[in-house]
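K.L.:
Make a model of this:
(chains A and B)
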Amino acid sequence: MHPAPSVIIFTTCSGLGFGLLFFLGLGQPAVTGFVAFVFYAIAYALAVGGLLASTFHLGHPERAWKAFSQWRSSWLSREGWCAVTALIVMGLYALGAVFMGSHWAVLGWVGALLSLATVFTTSMIYTQLKTVPRWNMNLTPAMFLSFSLAGGALLAGAEALAPWLLVLAGAVQLAYWAKGDGAFARSGTNLGTATGLGDRGAVRAFEPPHTGTNYLLREFVHVVGRKHAQKLRVISFGLAFVLPLLLILIPVSGVAIKHIFALLAVLSHLTGAVVSRWLFFAQAEHVVGLYYGKR
Amino acid sequence: MTQLPQSTERKMGLVIDLDTCVGCHACVISCKGWNTENYGAPLSDQDAYGANPSGTFLNRVHSYEVQPAEGHAQLIHFPKSCLHCEDAPCVTVCPTGASYKRVEDGIVLVNESDCIGCGLCAWSCPYGARELDVAEGVMKKCTLCVDRIYNENLPEVDRVPSCVRTCPAGARHFGDLGDPNSNVSKLVAEREGMDLMPEMGTKPVNKYLPPRPKDQIEDQIDILAPLLAPVAEEPKGFLGWLDKTLEKL
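P.N.:
Take a look at the predicted model:
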């Protein structure tokens, strides 16, 4: 699949933003006043910024509001609802924390749940696609949720939870890569089933329908960069999990140094998450590529 | 509404004969010609006369080589367009309700004024039947020439999809695949029409007729051959000398 910058920014930033909102909703940290304002500003900048980025790849962004209508069948529509309600509920909760110094617990829990639900619905947009076997796995939502929780815990400064969530997200990431590598072969779809000619012999794409490229090839067949996939996996894993874990576990004295290390941990994790998400798209193979003799 | 109908009154669709298709691409051209100037936004081209031409097409013809375990390879031309699936994943993923499947005839259509061009329906289609038009920013797909098949301004003979009307080999057939007595259903039953990627669970309405088996050439085609003098197994004369000399080297 074509790794469009808009969807990579969208899924990583909004995942991180909603992860932070989840922890803020649970009162972790139970901040008030100006400190709370800063926390919520970061969370909203990430979540809303990500959502706005996602509209950049639309053919008609001005009609995006119509996407709220089909929540009965469409995960994309459900994601829209979850995101907007999570932002509204957490916005009210933030008003209480910033201006009244009070935490309306029930509202916070609802907001936290809706924030996680938003990440889950985002992941289901990809998971539901049988046409992309590498995404069509239970591990896809697990990966999105564990990334969001680990990143959220890092941003929220949840010192006790963050290391465990990083370890969990790292484990899910490794499992996702291991299982994903064989997903296309396991799906049973090949040029034989695609053409229905497989029982007659070995099918080979002989001549494409046209000499140039087309929308399908641009969108679904992305082979550039796949050859560096293993190196990028190591880079992604190191930046997203190993380095942040070291940075928050190294005992340091002084609040300033601690905050700098925490900031570095967040930036490292975010960079690693972007690389991981790039691989998520670039390595995903759509079955339509079979018709063109490509993957 | 992007929920699929429980059932449709008719299942209008195409039957494509892989045995007869000669790969002339006339259906591709007539499809583009009809659909660029009728239903919905035109099918745009980018850099049409430049170095990297590309454009929106609703129907494309691939060619495949099939190499059996024994015998000659076979070349099969393979037209591909929307299969108007009964369980169309492109319809249910649509967030705006722009994609829908009609109850009356099962045709899958896009309401272009509701389409936000998110591309998710194309992602969900295993067949590559949907293409986002670059100029218009909306999703384009085969309409089964919905503006032809019921069009009383056209002579009756023309009230079939443009690709069917154009095919010079008679490789494309149009009809109601929900009616077991229709000509297309009979054709599918007779020729063992098949689904593409049945494992995807999309239940395509369009069917493909597999190529008929080729005539087998018997071992002995000339009845006089056994009476002819056998050809020398070992080379003689100059070639024999050359063979021996080269062996020795």
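
K.L.:
Please make it C-alpha for all contacts and neighbour counts, starting now.
P.N.:
OK.

K.L.:
Residue B:204 touches residue B:106, doesn't it?
P.N.:
No - the pair residue B:204 / residue B:106 is not scored as a contact, 10.8 Å apart, by CA atoms under 8 Å.

K.L.:
Helices along the stretch 151-295 of chain A, start to end?
P.N.:
A:162-180, A:183-187, A:191-195, A:215-220, A:229-237, A:243-249, A:255-282 (DSSP state H, counting those that start in this stretch).

K.L.:
tilt between the last one and helix A:229-237?
P.N.:
Right, helix A:255-282. Helix A:255-282 and helix A:229-237 are oriented at 150 degrees to each other (axes from the mean of the first three to the mean of the last three CA atoms, to 10 degrees).

K.L.:
Tell me which residues of helix A:255-282 come out buried.
P.N.:
Residues A:258, A:261-282 are the ones in helix A:255-282 that count as buried (16 or more other CA atoms under 10 Å in any protein chain shown).

K.L.:
joint contacts of residue B:204 and residue B:106?
P.N.:
Listed as contacting both residue B:204 and residue B:106 by CA atoms under 8 Å, 6 or more residues apart in numbering or on different chains are B:84, B:86.

K.L.:
of the two, who's got more company?
P.N.:
Higher neighbour count among residue B:204 and residue B:106: residue B:106, with 24 against 20, using other CA atoms under 10 Å in any protein chain shown.

K.L.:
and that one, what is it in contact with?
P.N.:
Neighbours of residue B:106 in contact, by CA under 8 Å, 6+ apart: B:8-12, B:84, B:86.

K.L.:
mind listing what the residue sitting nearest the centre point of chain B touches?
P.N.:
Compute the mean C-alpha point of chain B, and by CA atoms, centre = their mean the closest residue is residue B:79, 2.4 Å away. By CA under 8 Å, 6+ apart, the residues touching residue B:79 are B:16, B:23, B:59-62.

K.L.:
Most neighbours of all the residues you listed, which one?
P.N.:
residue B:16 (26 neighbours).

K.L.:
In the stretch 101-250 of chain A, which residue sits closest to chain B?
P.N.:
Nearest to chain B, among the residues of the stretch 101-250 of chain A, is residue A:201, at 3.9 Å (CA to the nearest CA).

K.L.:
what number of residues lie near the nearest residue to that residue once chain neighbours are set aside?
P.N.:
Among residues not flanking residue A:201 along the chain, residue B:68 sits closest, at 3.9 Å (CA to CA, 6 or more residues apart in numbering or on different chains). By other CA under 10 Å, the residues close to residue B:68 number 15.

K.L.:
which phi and psi does residue B:68 have?
P.N.:
phi -70, psi 170 (degrees, to the nearest 10).

K.L.:
That one reaches residue A:200, doesn't it?
P.N.:
Yes - with contacts counted by CA under 8 Å, residue B:68 reaches residue A:200, the gap being 5.8 Å.

K.L.:
Looking at chain A, name the residue that lies furthest from the middle.
P.N.:
If you look at how far each residue of chain A sits from its centre, by CA atoms, centre = their mean, the farthest one is residue A:200, at 42.1 Å.

K.L.:
quick one: contacts for residue A:66?
P.N.:
B:95-96, B:114.

K.L.:
okay, the residues you listed in a markdown table with secondary structure and pLDDT next?
P.N.:
Shown next, in a markdown table, are those (DSSP: H, G, I helix; E, B strand; the rest coil; pLDDT from 0 to 100):
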| residue | secondary structure | pLDDT |
| --- | --- | --- |
| B:95 | coil | 95 |
| B:96 | coil | 95 |
| B:114 | coil | 95 |
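
K.L.:
Which ones among these also lie next to chain A?
P.N.:
By CA under 8 Å from any CA of the partner chain, the members of those lying near chain A are B:95-96, B:114.

K.L.:
Looking at those, state which has the most neighbours.
P.N.:
Compared across those, residue B:95 has the highest neighbour count, 33 neighbours, by other CA under 10 Å.

K.L.:
was I right about that one contacting residue A:65?
P.N.:
No - the pair residue B:95 / residue A:65 is not scored as a contact, 9.8 Å apart, by CA under 8 Å.

K.L.:
how about the helices of chain B, start to end?
P.N.:
B:26-36, B:89-92, B:120-124, B:146-149, B:162-166, B:183-191, B:237-248 (DSSP state H).

K.L.:
Quick check: which ranges of chain B have low pLDDT?
P.N.:
B:1-2, B:217-221, B:230-232 (pLDDT under 70).

K.L.:
Oh, that last question was meant for the stretch 151-295 of chain A, not what I typed.
P.N.:
For the stretch 151-295 of chain A, the ranges with pLDDT under 70 are A:224-225.

K.L.:
Which positions in it make contact with chain B?
P.N.:
Going by CA under 8 Å from any CA, the residues of the stretch 151-295 of chain A near chain B are A:188-189, A:193-197, A:200-209, A:212-216, A:220, A:286-288, A:291-292.

K.L.:
Tell me which of those fall in strands.
P.N.:
With DSSP state E as the criterion, strands contain A:202-207 from among those.

K.L.:
With neighbour count as added columns, please give those in CSV.
P.N.:
Listed next are these as CSV, based on neighbours: other CA atoms under 10 Å in any protein chain shown:
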residue, neighbour count
A:202, 16
A:203, 26
A:204, 19
A:205, 18
A:206, 16
A:207, 16
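
K.L.:
Could you dump the residues you listed into CSV and include distance to residue A:118?
P.N.:
Output for these, formatted as CSV (distance: CA to CA, whole Å):
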residue, distance to residue A:118
A:202, 44
A:203, 43
A:204, 42
A:205, 41
A:206, 44
A:207, 44
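
K.L.:
Determine which two of the residues you listed are furthest apart.
P.N.:
A:202 and A:207 (15.4 Å; CA to CA).

K.L.:
returning to what we had before: are any of the residues of the stretch 151-295 of chain A next to chain B buried, and if so which?
P.N.:
A:189, A:193-197, A:200-209, A:214-216, A:220, A:286-288, A:291-292.

K.L.:
Please report the distance of the closest residue to residue B:129 other than its chain neighbours from chain A.
P.N.:
Of all residues not flanking residue B:129 in the chain, residue B:82 sits nearest, at 4.8 Å (CA to CA, 6+ apart). Per CA to the nearest CA, to the nearest Å, residue B:82 is found 13 Å from chain A.

K.L.:
likewise residue B:71?
P.N.:
10 Å.

K.L.:
Same question for stretch B:199-216: list its buried residues.
P.N.:
B:200, B:202-211.

K.L.:
Need the contact partners of that stretch.
P.N.:
Contacts for stretch B:199-216 (CA under 8 Å, 6+ apart): A:130-131, A:188-189, A:196-197, B:11-20, B:76, B:83-89, B:126, B:177, B:188, B:191-196.

K.L.:
Quick one: residues contacting residue A:151.
P.N.:
A:16, A:19-20, A:166, A:266, A:269-270.

K.L.:
Brilliant, that's me finished.
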